[in-house]
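A.B. asks: Following is a predicted model, sequence given first.
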Amino acid sequence: MDNTYWTERFGGSAARIQASTIRELLKLTQRPGVLSFAGGLPAPELFPKEEAAQKAAQILRERGERALQYGPTEGYAPLREWVAQRFGVEVEEVLITTGSQQGLDLLGKVFLDEGSPVLLEAPSYLGAIQAFRAYGPRFVTVAMDAEGMDLEALEEALRRERPRFIYAIPTFQNPSSALMPLSRRERLVEIAHAHGVPLVEDDAYAELYFDGKKLPTLFELDRAQGYGNVVYLGSFSKVLAPGLRVAYAVGPKPVIAKLVQAKQGADLHTPVLNQMLVHALVQEGFEARVARIREVYRAKAEAMVRALEAHMPPGVRFSRPRGGMFVWMELPGVNAQALLEEALKEDVAFVPGAPFFAGGGGENTLRLSYATMTEGEIQEGMRRLSQALGRLLALV
Ligand SMILES: Cc1ncc(COP(=O)(O)O)c(CN[C@@H](CCCC(=O)O)C(=O)O)c1O
């Protein structure tokens, strides 16, 4: 049967399911010699390989029947309890998900209908846009600055829209690297509660702060007010290993109960062995591990900013991250897709920014991830990128 035989038989919603720019780009950047700043992949040298090998073998030898059997949709109880204790909530307010990417998909499935408004930052995480888009919502986007969502713009939007939820990444936002200060976090929690609009806080980069200390989450601030209006998504991807696909949602019991039902239909449960392994890995030395990860990413981020300051021509604006894995760049009158094509000739890759804008725009923006690059590769990659950019600027 040829392609049309199948495509004409897909359901109506299939047309809303589109490819992920990052996933498609990752295929492109596998070519030997390419310095890829595209995928937000954690530094592989930080994966707990030896420890995981030893603990996985022990789990399989001593508790293989449990590790290899079907498990509860809610998650492996000791891991669920570990998360509940860390957040000071009841275990019924925690669901273990197959990556926080699944948390995003399940939230779309539970909260969104065709045409229903959902509010998010511009730019925002393209994986969330992709997950929500499958449910046919109407995207309402709100501008942001270096300190996150613009709350005046949010209040203006809420005067004319009643979104099913507000999706925010207040801590080292993907892709902008923005960090929302405490005062704005407190106001965002108040605004959402006053309007009766749930907040979804995606905190994938929570632990990756370079200086000072961790800011309170929207979830904590909301609970401290006794509101219970925030669903929090956390992940072990950036502090252990993304290939394990273990993450969690923390939220009010009715929400978690419905997400559990949606997850039953999606994958029954997250792999039990992976959950048991994550639980074993967080039992000892976890804080020391995370502290080391912070130091490694801080050094890479500093190398990235130095390289950009050394190589980028005037007019190019870029963020100076205080945590996370990304630098966000704005080009002077140059299309980022065109730059990517030119950059690939120099064997350097990044993610053009347009797919991060659910409401369109951003053609002159791009995201650079430094996490998998050595400091030497960062210097060389930015030199190559500036070469490609120089050729395009000569045409402007
Ligand atoms: C804000 C935000 N929320 C959820 C996720 C998904 O993380 P999980 O590994 O599913 O827990 C991510 C991971 N994003 C990376 C990873 C995507 C990796 C890939 O598609 O290969 C990126 O933006 O490049 C994220 O940044």
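C.D. replies: Arrived safely, thanks for sending. Note that the structure is a prediction, hence the values are computed from the model and not measured.
A.B. asks: Could I have the CA atoms of the lowest-mean-pLDDT helix or strand in the chain written out in CSV?
C.D. replies: Comparing helices and strands within the chain by mean pLDDT, DSSP states H and E singles out helix 21-28 as the least confident, with a mean of 80. Extracted as CSV, the C-alpha positions of helix 21-28 are listed here (Å, rounded to 0.1, in the frame of the first residue of the first chain):
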residue,chain,number,x,y,z
THR,A,21,12.1,20.1,15.3
ILE,A,22,14.6,19.0,17.9
ARG,A,23,14.1,15.3,17.3
GLU,A,24,14.3,15.8,13.5
LEU,A,25,17.4,17.9,13.9
LEU,A,26,19.1,15.4,16.1
LYS,A,27,19.0,12.9,13.2
LEU,A,28,20.7,15.5,11.1
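A.B. asks: which residues are in contact with it?
C.D. replies: The contact list for helix 21-28 (C-beta atoms under 8 Å, 6 or more residues apart in numbering) reads 36, 38, 39, 40, 126, 127, 344, 349, 351, 352, 355. In short, each C-beta sits where N, CA and C put it, glycine included.
A.B. asks: Buried residues of the helix or strand that residue 63 is a member of, list them for me.
C.D. replies: Taking DSSP states H and E as the definition, one finds residue 63 inside helix 49-67. Buried residues in helix 49-67, counting neighbours by 16 or more other C-beta atoms under 10 Å, are found at 51, 52, 55, 56, 59, 67.
A.B. asks: which secondary structure elements does that helix contact?
C.D. replies: Secondary-structure packing of helix 49-67 (3 or more C-beta pairs under 8 Å, 6 or more residues apart in numbering; DSSP states H and E): helix 272-281.
A.B. asks: and the helix or strand just after the helix it packs on, anywhere near the ligand?
C.D. replies: Stepping forward along the backbone from helix 272-281, the first helix or strand reached (DSSP H and E) is helix 286-311. No. No part of helix 286-311 sits close enough to the ligand to count as contact by C-beta under 6 Å from any ligand atom; the gap is at least 13.8 Å.
A.B. asks: again, but for stretch 40-47
C.D. replies: Yes. Looking at stretch 40-47 against the ligand by C-beta under 6 Å from any ligand atom, the contacts come from residue 40.
A.B. asks: hey, C-alpha coordinates of that stretch in CSV?
C.D. replies: This file holds the C-alpha atoms of stretch 40-47, laid out as CSV (Å, rounded to 0.1, in the frame of the first residue of the first chain):
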residue,chain,number,x,y,z
GLY,A,40,19.1,19.7,25.2
LEU,A,41,21.0,16.5,25.9
PRO,A,42,22.7,16.3,29.3
ALA,A,43,26.4,15.8,29.5
PRO,A,44,26.9,12.0,29.1
GLU,A,45,30.1,12.1,31.1
LEU,A,46,27.9,12.8,34.1
PHE,A,47,25.7,9.7,33.8
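A.B. asks: Get me the contact residues on the stretch 101-250 of the chain for the ligand.
C.D. replies: Residues of the stretch 101-250 of the chain lying close to the ligand by C-beta under 6 Å from any ligand atom are 101, 125, 127, 169, 174, 202, 204, 235, 237, 242, 247.
A.B. asks: What count of nearby residues applies to the last one?
C.D. replies: The criterion is other C-beta atoms under 10 Å. On that basis, residue 247 has 25 neighbouring residues.
A.B. asks: do the same with residue 296
C.D. replies: In terms of burial, residue 296 registers 15 neighbours under the definition other C-beta under 10 Å.
A.B. asks: OK, contacts around it?
C.D. replies: Applying C-beta under 8 Å, 6+ apart, one finds that residue 296 lies in contact with 43, 45, 46.
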